[in-house]
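Peer 1: Let me see the structure of the following:
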Amino acid sequence: MRDDSLPSKEAYPWSFLFERSADAVFLLNQHRRLLRVNAAWEELTGLKNADVRGMACSRRSSAKHPSFEALASALGPPAIVFDGRPVRVQRRLPLPGKSHVIADIDFWPVRDGKNRLRILGKISVLQSEPTAAVILPDAILASRERYDASFSFDWLQSELPEMQRVAEQARLAAATQIPVLILGETGTGKRCLARLIHQLGATRDRFFASISPRRLPPDFVARSLFGHPGYGTNPQIGTLYLADVDGLPRDVQTQVLEQFFDPVRQSPRLIAGSSADLKTHVRNQQFVPELYERLQVLTIHLPPLRKRLADLPVLVEVLLPRLLDVAPPKLTSAAWDLLKSYDWPGNLRELRAVFVAANSRAQQREIDARDFPSYLRIRVEADSDIREPLKPLVLDEVLQRVECQLIEVALKRANGNKTKAAELLSIWRPRLLRRMEALKIEDPGHG
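Peer 2: This next block holds a predicted model:
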């Protein structure tokens, strides 16, 4: 039975808000089919509820009526909503009498009286219609949505207490606006975690900006942060991520302290990352102590990948397909053994690069150990040789084998003459006889 029946007021206690809302509101079922629209939606689109009821709304929609295809695509909810997370996206919306307008569409996951998942949507047309040069193509908007959806708690799933604490701290950071300090080795995912906090936080409607001071000239960093307009003063930026914050010059550190921690000044939410020991930098007077004290109120430590080898199946199944934009790759047992034997000095960044290379070599088949870069196998074999325990060597047994071989060689050269063999070995004949008896060397019967 298709689940596209018209919802009743009993099924949705808030249905009176649905009808009386001045905003265009619509309701989808878990299969992305349109169940209901309100009067404001009909007035906005020029289409009646009966005409569009049951229409499949998807970003890859192929509606039966050609005129509905663009509308069905615009109303398609991102996959992130089905994980229970509300989201706002910007779409190009076809309207009667106009070519297109840009609208913000909010999607909320809700439940009906039978605990079935429903998607509630609200359309907010922007007040000023942008010029054609500003309108982004649907392909770019869809790509942006897929990119935003890749930032979820899935890659933080772990049985390790350290990673469980990271997930709890990330949720706490998303629920507040306090500064966050993320510490971890290069490639552990500090920038991804900062983006995840932004996507789940109150400033997700604004931009996420990132700057790496260590890679830029000091004067350019100062202009980027505090120029006009700069990252530190731009109201359209919701979160600013300072990668390698220890690379900031001391005078710029002081400016960051004054700009981002002054309650009077308007500035984005600040998240800083570092792979260095900031306490040592403070002791060496390389980092402003006041700035460190403000940043370390909420500190998140990301463990390296070599301590998360048990999480590799989760990372391969969840994180990599989103980053590679491919179906989850299947791995042979040999491939898994190789992955779990490597120590991953480049962490998640190296893991992604390795899978990009392996995926291109595999060409739609299972990924085997031979598909991974050769340096991976060489490194694992070298580490295995180093870690392999040495076999115990009993000195007396080794010496007896060597002595036995020497006596046998001397007897052979002396044609069995024990006197000559003893001379070749530089020992007396009685000693040779005793050693032959002790080593159970057969008497050749000569001499």
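
Peer 1: Nearest residue to Leu376 in space, please, no chain neighbours.
Peer 2: Tyr342 (5.8 Å; Cβ to Cβ, 6 or more residues apart in numbering). In short, each C-beta sits where N, CA and C put it, glycine included.

Peer 1: ah, wrong one, I meant Met55
Peer 2: Spatial nearest neighbour of Met55, excluding adjacent residues (Cβ to Cβ, 6+ apart): Leu34 at 4.6 Å.

Peer 1: The one you found reaches Cys57, doesn't it?
Peer 2: Yes - the criterion here is Cβ atoms under 8 Å, and Leu34 meets it with Cys57 at 5.9 Å.

Peer 1: can you list residues touching both of the two?
Peer 2: In terms of Cβ atoms under 8 Å, 6 or more residues apart in numbering, Leu34 and Cys57 are both contacted by the residues Leu28, Leu75.

Peer 1: tell me the SS of the residue nearest to Met55?
Peer 2: Following DSSP: H, G, I helix; E, B strand; the rest coil, we place Leu34 in the strand state.

Peer 1: give the contact list for the closest residue to Pro213 other than its chain neighbours.
Peer 2: Spatially, and ignoring its direct neighbours in sequence, Pro213 is nearest to Gly247 (4.2 Å; Cβ to Cβ, 6+ apart). Residues counted as contacts of Gly247 (Cβ under 8 Å, 6+ apart) are Ser212, Pro213, Arg214.

Peer 1: Ok, Met436 next?
Peer 2: Ile407, Lys418, Asp443.

Peer 1: Output the contacting helices and strands for the lengthiest strand in the chain.
Peer 2: Longest strand in the chain, counting residues (DSSP state E): strand 98-111. Judged by 3 or more Cβ pairs under 8 Å, 6 or more residues apart in numbering; DSSP states H and E, strand 98-111 is in contact with strand 87-95, strand 117-125.

Peer 1: What residues sit buried inside it?
Peer 2: Of the residues in strand 98-111, His100, Val101, Ile102, Ala103, Ile105, Asp106, Phe107, Pro109 count as buried by neighbour count, 16 or more other Cβ atoms under 10 Å.

Peer 1: Can you give the strand pairings for that strand, parallel or anti for each?
Peer 2: Neighbouring strands of strand 98-111 in its sheet, by DSSP bridges, are strand 87-95 (antiparallel), strand 117-125 (antiparallel).

Peer 1: Minimum distance to Leu200: which of these has it?
Peer 2: Evaluated with Cβ to Cβ, those place strand 87-95 nearest to Leu200, the distance being 10.1 Å.

Peer 1: what are the ranges of the strands in this protein?
Peer 2: 24-29, 34-37, 87-95, 98-111, 117-125, 180-183, 207-211, 237-242, 269-274, 299-301.

Peer 1: partner strands of the last one, parallel or antiparallel?
Peer 2: Next to strand 299-301 in the sheet, as set by DSSP bridges, lie strand 180-183 (parallel).

Peer 1: Could you give the separation of the partner strand from the chain centroid?
Peer 2: Centre-to-centre, strand 180-183 and its host chain are 16 Å apart (Cα atoms, centre = their mean, to the nearest Å).

Peer 1: Can I get that strand in PDB, CA atoms only?
Peer 2: As requested, the backbone C-alpha atoms of strand 180-183 are provided in PDB (Å, rounded to 0.1, in the frame of the first residue of the first chain):
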ATOM      1  CA  VAL A 180      36.900  25.600  20.500                       C
ATOM      2  CA  LEU A 181      40.500  24.400  20.400                       C
ATOM      3  CA  ILE A 182      41.100  21.200  18.400                       C
ATOM      4  CA  LEU A 183      44.400  19.400  18.900                       C
END
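
Peer 1: what comes up buried for it?
Peer 2: Applying a neighbour-count criterion of 16+ other Cβ under 10 Å, one finds Val180, Leu181, Ile182, Leu183 buried in strand 180-183.

Peer 1: Settle this for me: the last one is touching Thr299, isn't it.
Peer 2: This points to Leu183. Yes - using Cβ under 8 Å, Leu183 makes contact with Thr299 at a distance of 6.3 Å.

Peer 1: Report pLDDT for Glu168.
Peer 2: At Glu168, the predicted lDDT confidence score is 93.

Peer 1: So which residues of the stretch 301-447 of the chain form helices?
Peer 2: Applying DSSP state H, counting those that start in this stretch to the stretch 301-447 of the chain gives helices spanning 312-314, 320-324, 333-341, 347-362, 374-387, 395-413, 418-424, 429-438.

Peer 1: What residues sit buried inside stretch 347-355?
Peer 2: Neighbour-count burial for stretch 347-355 flags Asn347, Leu348, Arg349, Glu350, Leu351, Arg352, Val354, Phe355 (criterion: 16+ other Cβ under 10 Å).

Peer 1: Arg85: which of those is nearest?
Peer 2: If you rank the buried residues of stretch 347-355 by distance to Arg85 using Cβ to Cβ, Leu348 comes first, at 22.2 Å.

Peer 1: what about the nearest residue to that closest one once chain neighbours are set aside, neighbour count?
Peer 2: Closest residue to Leu348 apart from its sequence neighbours, by Cβ to Cβ, 6+ apart: Gly189 at 4.9 Å. Gly189 has 22 neighbours, counted by other Cβ atoms under 10 Å.

Peer 1: tell me the contacts of Gly189?
Peer 2: Here Gly189 is in contact with Trp155, Leu302, Asn347, Leu348 (Cβ under 8 Å, 6+ apart).

Peer 1: ok, back up a step: please check the contacts of Gly247 and keep the buried ones.
Peer 2: With burial judged by 16+ other Cβ under 10 Å, the buried subset of the contacts of Gly247 is Pro213.

Peer 1: Make a markdown table from the contacts of Gly247 and add pLDDT and distance to Pro373 to it.
Peer 2: Compiled in a markdown table, the contacts of Gly247 are given as follows (pLDDT from 0 to 100; distance: Cβ to Cβ, whole Å):
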| residue | pLDDT | distance to Pro373 |
| --- | --- | --- |
| Ser212 | 91 | 26 |
| Pro213 | 89 | 31 |
| Arg214 | 85 | 27 |
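
Peer 1: Which of the contacts of Gly247 sits closest to Gly230?
Peer 2: Among the contacts of Gly247, and counting by Cβ to Cβ, the member closest to Gly230 is Pro213, at 13.5 Å.

Peer 1: distance of that closest one from Tyr241?
Peer 2: Remark: distance between Pro213 and Tyr241 (Cβ to Cβ, to the nearest Å) = 11 Å.

Peer 1: quick revisit: would you mind giving me the confidence score for the residue nearest to Met55?
Peer 2: Taking Leu34 on its own, its pLDDT is 90.

Peer 1: Report the beta-bridge partner residues of it.
Peer 2: Leu28.

Peer 1: burial of it, as a residue count?
Peer 2: 24.

Peer 1: ok, it - contacts?
Peer 2: Going by Cβ under 8 Å, 6+ apart, Leu34 touches Phe26, Leu27, Leu28, Val52, Arg53, Gly54, Met55, Ala56, Cys57, Leu75.
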